[in-house]
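Visitor: Mind looking at a prediction? Sequence and model below.
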Amino acid sequence: MTEIKTNDDASFLSYLKIHGEIIAAAVSGILILSAWILSSHIAHAFWVGLLIVSFLIGGFAKAKEGITETYQTKQLNVELLMIIAAIGAASIGYWAEGAILIFIFSLSGALESYTENKNKNELQSLMKLQPETATLVNGEVTAIDQLKPGDQIMVKTGERIPADGLITKGNTTVDESALSGESIPISKASGDEVFAGTVNLSGSLQIEINTLPTETMFQKIIELVQNAHEERSPSQQFIEKFEGTYVKIVLLTVAVMMFLPHYLFSWSWTDTIYRAMILLVVASPCALIASIMPATLSAISNGARQGILFKGGVYAEALAKLDAVVLDKTGTLTQGEPAVVDYFIDPGQDMKSLANIIYAMESESIHPLAHAMKDWAEAYQKEQTKLSVSVQHHNGKGLAAEIDRVPWLVGNRELVGLQEADQFLQAFTAQKQATTDIFVRKGTEIIAVFMLKDTLRQDAVAAIQELHNLGLRTVMLTGDNQATAESIAREAGITEFHANCLPEDKVRYLEQLRGQNQQTAMVGDGINDAPALATANIGVAMGAGSDIALETANVVLMKNNLAKMVNAIRISKKMNAIVKQNIVFSLAVICILIASNFLQVINMPLGVIGHEGSTILVILNGLRMLKGD
């Protein structure tokens, strides 16, 4: 067999064990088929021998699992029920029926193992995306775990980026689908951040590492998915607790059934024991137990492929039960950085010349407003000769410079003159917008004003509408002033908002919602959102948010795309619907089979097929969650 290798040395023994169950079930089935075909041509002892071998091969894995689990937990389980039922059937001469029970039980167990393996393979495939080595700028190849912040590495076209860092040289497009689930490549240039596991599609890059290999965004995804697979949903926890009690009840009932019908209904001892063994089979909660976990694991894997990371089955289940979604503004509904949304320039001014001067001055500042002004100017001054100017910084107000012996000011109303600024603004518009205004003064005259604000994300309006369509209440909480909050809420389609919120105000509001029995999700990205994320029933962090927000949240949206919140809720609703279908179906089958057994209208093979068949069906139904939403 070909050796299987994974980045974390995921065990070959585990792979062999899971596939060994499928092989054992197949061999068991072949032996039963052979015994059936040859039954009239071979000695009875040899026929029984074939079935005993089928018992041993098909039942070994489940018998070992049942005995080991019972010893460790001191609790009975369904594996023991099946083994006892098979042995009981054989003890009264129903060798074929017992063998068929073991075969189908081992087949359903192999299928459940396949489900778990499928989800593990999703994680292993993800882990394989991170390269094991990196090439330093001097040409030396080094292991990823030897990299440290400040190291410079080279990444050629078509290669995966080995670690998080900033581009110091080169331009390219990057496929970030492994992280965000978005298939459209992202343009990257010098100064932009790139992430481990993403693909450099065009152009060689020089990258400065800014994160330890163990702390990259990619590594955090792997850890979150691993932890999520180990986390049990409330429904699963209930079923697992219920299993031990249920098994005891079944065994007690079977024990009574092994003698009571003989005296009450004058059944023969063979019929009495036979019916007791059928009851042992059909009353076993295999399908009920398999109703939840395959669907939950599949939902978590489905979400991870779309850039939605659930930190456990409990959160994947809970999202479907939300009443309200509370959203931070900055970085969640908006881009999180200011941009020029409007401007008015004196008609007598040359646009390109003005843009060149603004670009030269604002390039000397690292203020976010300066960055927005520079971005605007860059579109107009590309073909101009770049100026070299000496800039004087007026902290909190703006910039000053002298160009060709003419003084220039770029800044707020205080810097250029309050009265002059108001007069210039009124000359162009009578309506005051919820923007930050930056004025340009040449000599003694104001010649331009630029309106800047944190702009709404393109996906936000559609996402809010979808949340409303799902019957959810949406609320925006922001630390911004009333005018800004009202403007963004109106654009986004949110009718309820609260402005001037400190972190404690957000927490207080969420506590009020919880006091009203409102199941609430808080969506945010900043350090100031962490208390609110922890207070809400479900905390949801935007992937580009602060580390503390990512750590505090229960769900992470790897792409700063609010539409993924809608996708996460839909995944949760679909998962819960499948789980409910499985539970209702499995309980109905158990009730029908038990009633049929008391009425003596089914035999052991039909009981086995009905019971184990229902188990296989609920597992297959759960696997539907692996498909896209």
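Guide: Alright, I've got the coordinates.

Visitor: May I have the predicted confidence score for the residue nearest the centre of the chain?
Guide: By CA atoms, centre = their mean, the chain has its centre lying nearest to L309, at 2.0 Å. Listed pLDDT for L309 reads 84.

Visitor: counting contacts, what elements does the strand or helix carrying it pack onto?
Guide: According to DSSP states H and E, L309 maps onto strand 308-310. Strand 308-310 sits against helix 217-230, helix 293-305, strand 555-557, helix 563-598, with contacts defined as 3 or more CB pairs under 8 Å, 6 or more residues apart in numbering; DSSP states H and E. Where you see a C-beta, it was placed from the backbone N, CA and C, and this is true even at glycine.

Visitor: tilt between the following helix or strand past the last one and helix 563-598?
Guide: Pointing back at helix 563-598 there. Moving toward the C-terminus from helix 563-598, the next helix or strand (DSSP H and E) is helix 604-623. Note on geometry: by axes from the mean of the first three to the mean of the last three CA atoms, to 10 degrees, helix 604-623 and helix 563-598 are set 170 degrees apart in direction.

Visitor: other SSEs contacting helix 604-623?
Guide: Packed next to helix 604-623, using 3+ CB pairs under 8 Å, 6+ apart, are helix 95-128, helix 269-282, helix 286-289, helix 293-305, helix 563-598.

Visitor: Out of these, flag the one nearest A360.
Guide: helix 563-598 (39.3 Å; CB to CB).

Visitor: List the buried residues for stretch 589-599?
Guide: Using 16 or more other CB atoms under 10 Å as the test for burial, stretch 589-599 gives 589-590, 593-594, 596-597.

Visitor: Which helix or strand contains A134?
Guide: Per DSSP H and E, the secondary structure element for A134 is strand 133-136.

Visitor: And A530, by the same measure?
Guide: For A530, the host element (DSSP H and E) is helix 530-535.

Visitor: following that helix, which helix or strand comes up?
Guide: strand 538-542.

Visitor: who's in contact with that next one?
Guide: Residues outside strand 538-542 that contact it (CB atoms under 8 Å, 6 or more residues apart in numbering) are 315, 318-319, 322, 331-332, 519-525, 529, 532-533, 549-550, 552-557, 560, 565, 568.

Visitor: Distance from it to the middle of the chain?
Guide: Centroid separation for strand 538-542 versus its chain: 11 Å, with CA atoms, centre = their mean, to the nearest Å.

Visitor: tell me the angle it makes with helix 563-598.
Guide: Using the same axes, to 10 degrees: strand 538-542 against helix 563-598 is 140 degrees.

Visitor: Listing partners with orientation, what would you give for strand 538-542?
Guide: Sheet partners assigned to strand 538-542 using DSSP bridges are listed as strand 520-524 (parallel), strand 555-557 (parallel).

Visitor: which of those has the lowest average pLDDT?
Guide: strand 555-557 - the lowest mean pLDDT of these, at a mean of 87.

Visitor: How far away from the center of its chain is it?
Guide: For strand 555-557, the distance to the chain centre is 6 Å (CA atoms, centre = their mean).

Visitor: can you pull the buried residues of it?
Guide: 555-557.

Visitor: Same check on stretch 496-508?
Guide: Going by 16+ other CB under 10 Å, stretch 496-508 has these buried residues: 497-499, 501, 503, 506-507.

Visitor: before we move on, the earlier item: nearest to V53, of the helices and strands packed on strand 308-310?
Guide: Closest approach to V53 among the helices and strands packed on strand 308-310 (CB to CB): helix 563-598, 28.5 Å.

Visitor: got the angle for that closest one vs helix 293-305?
Guide: Going by the same axes, to 10 degrees, helix 563-598 makes 170 degrees with helix 293-305.

Visitor: Quick one: mean pLDDT over helix 563-598.
Guide: Helix 563-598 carries an average pLDDT of 92.

Visitor: Give me the helices and strands touching it, please.
Guide: Where contact means 3+ CB pairs under 8 Å, 6+ apart, helix 563-598 is packed against helix 269-282, helix 286-289, helix 293-305, strand 308-310, helix 313-318, helix 460-469, strand 555-557, helix 604-623.

Visitor: Turn these into CSV, columns for distance to M361.
Guide: Converted to CSV, the helices and strands packed on helix 563-598 look like this (distance: least, CB to CB, whole Å):
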stretch, distance to M361
helix 269-282, 82
helix 286-289, 69
helix 293-305, 46
strand 308-310, 43
helix 313-318, 49
helix 460-469, 33
strand 555-557, 38
helix 604-623, 61
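
Visitor: most packed of those?
Guide: Stretch with highest mean neighbour count among the helices and strands packed on helix 563-598: strand 308-310 (a mean of 29; mean count of other CB atoms under 10 Å).

Visitor: partners of that one, with directions?
Guide: With DSSP bridges as the test, strand 308-310 is paired with strand 555-557 (antiparallel).

Visitor: contacting residues around the partner strand?
Guide: With contact meaning CB under 8 Å, 6+ apart, strand 555-557 is reached by 224, 307-311, 315, 319, 521, 523, 538-543, 550, 564-565, 568.

Visitor: cool, and stretch 139-159?
Guide: 130-137, 161-163, 165, 168, 172, 199-214.

Visitor: Please, a ChimeraX command that selects the buried ones among those?
Guide: What follows is the ChimeraX syntax selecting those of those that are buried according to 16+ other CB under 10 Å:
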select :130,131,134,135,161,162,163,165,172,199,200,203,205,206,207,209,211,213
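
Visitor: can you tell me which of the contacts of stretch 139-159 are in helices?
Guide: With helices taken from DSSP state H, there is no overlap with those.

Visitor: right, and the helices and strands packed on helix 604-623 - which one's nearest A370?
Guide: helix 563-598 (31.5 Å).

Visitor: Can you give me the buried ones in the closest one?
Guide: Those would be 563-569, 571-576, 578-579, 581-583, 585-586, 589-590, 593-594, 596-597, for helix 563-598 by 16+ other CB under 10 Å.

Visitor: can you check stretch 515-525 too?
Guide: 519-525.

Visitor: Can you tell me which of the residues you listed comes closest to T444?
Guide: The nearest member of the buried residues of stretch 515-525 to T444, counting by CB to CB, is D525 at 43.9 Å.

Visitor: Show the pLDDT at the closest one.
Guide: At D525, the model reports a pLDDT of 79.

Visitor: Then K442?
Guide: On pLDDT, K442 comes in at 90.

Visitor: how deep is the closest residue to it other than its chain neighbours tucked in, by neighbour count?
Guide: Counting by CB to CB, 6 or more residues apart in numbering, K442 lies nearest to W408, which is 5.9 Å off, once chain neighbours are set aside. W408 sits with 22 neighbouring residues when counted by other CB atoms under 10 Å.

Visitor: is W408 in a bridge, and if so with what?
Guide: A401, K442.

Visitor: mind putting the buried residues of strand 555-557 in TSV, distance to Q482 included?
Guide: Converted to TSV, the buried residues of strand 555-557 look like this (distance: CB to CB, whole Å):
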residue	distance to Q482
V555	30
V556	31
L557	28
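
Visitor: which one of those residues is nearest L472?
Guide: Nearest to L472 among the buried residues of strand 555-557 is V555, at 14.9 Å by CB to CB.

Visitor: out of everything not next to it in sequence, what's closest to the closest one?
Guide: V555 sits nearest to V540 (CB to CB, 6+ apart), 4.6 Å away.

Visitor: Check the gap between the one you found and Y263 for me.
Guide: 62 Å (CB to CB, to the nearest Å).
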